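Trainee: Mind folding the following:
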Amino acid sequence: MKSISQIIGDYQGFFSDMLFHLDNLKINVKNFPLTHICYRVATFPEYESIREQIIPLGKSFSETIFNGRPITLVILKQPLVFKEGFSVSLLELPAPKMSHRYPTGLEHAGFFVGETLPQFKRQYKTVLTGTKDRGKYSQPAFVTLKNGSVVKFYERTLLDVVNLQGVKFKSVKSYAKILS
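Mentor: Predicted coordinates:
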């Protein structure tokens with residue numbers, strides 16, 4: 001079985017670079033927990049392959065349809081721990097949209113800002129790229145960095161959002177039984 005870094009690449013470097021760019025924009029995230037990181041793929045067969053590799057590294061997972069395409073969420077057995085003191089257990093893997101072309105690799109990270117999100121948006125309005133409307137429970141602010149990666153800022157964690165939407169997680173053990 002491959003390690004998470006063999007599957008998704010240098011997540012440490014990705015995150016350190018993201019923090020460097022946020023620091024240059026004067027966006028302070030040190031008091032906000034990391035809610036998830038997202039790994040994008042360019043093709044549907046690649047989505048299926050990566051999904052099969054990351055699910056066994058999790059405790060539980062969910063695959064649901066969002067915006068017309070599957071998205072897999074995996075709660076990792078071992079959280080990813082970053083040198084800067086952050087950690088995250090939730091990995092998001094969206095299948096590619098037909099209307100968009102994304103390169104394969106780590107694409108974004110989400111921070112939990114909580115109820116202070118409106119204040120956060122006002123404070124950083126000159127450097128934020130915009131806000132996404134992801135339905136009743138999620139309207140994250142985001143910034144697209146010079147290197148093309150994205151940082152999203154949420155009022156609720158991604159796990160809370162999907163739970164509110166009724167998404168159910170399955171045990172990885174049950175997934176292993178399906179495959180055998």
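Trainee: need the strands for the protein, in chain order.
Mentor: In the chain, the strands defined using DSSP state E lie at 34-40, 58-66, 69-81, 87-94, 105-112, 130-131, 141-144, 150-154, 170-171.
Trainee: how close does Met18 get to Glu48?
Mentor: 27 Å (CB to CB, to the nearest Å). All C-beta spots, glycine's among them, are computed from the backbone N, C-alpha and C.
Trainee: Tell me which of those two has more neighbours.
Mentor: Ranked by neighbour count (other CB atoms under 10 Å), Met18 and Glu48 place Met18 first, with 23 against 14.
Trainee: just checking, the more buried one touches Leu145?
Mentor: Yes: counting by CB atoms under 8 Å, Leu145 is a contact partner of Met18 at 6.7 Å.
Trainee: intersection of neighbour lists for these two?
Mentor: Val151 (CB atoms under 8 Å, 6 or more residues apart in numbering).
Trainee: okay, how far is it across stretch 120-139, tip to tip?
Mentor: End-to-end distance for stretch 120-139, by CA to CA, to the nearest Å: 13 Å.
Trainee: so what's Arg69 closest to, chain neighbours aside?
Mentor: Spatially, and ignoring its direct neighbours in sequence, Arg69 is nearest to Ala95 (4.4 Å; CB to CB, 6 or more residues apart in numbering).
Trainee: Show the model's pLDDT score for Arg69.
Mentor: As predicted, Arg69 sits at a pLDDT of 87.
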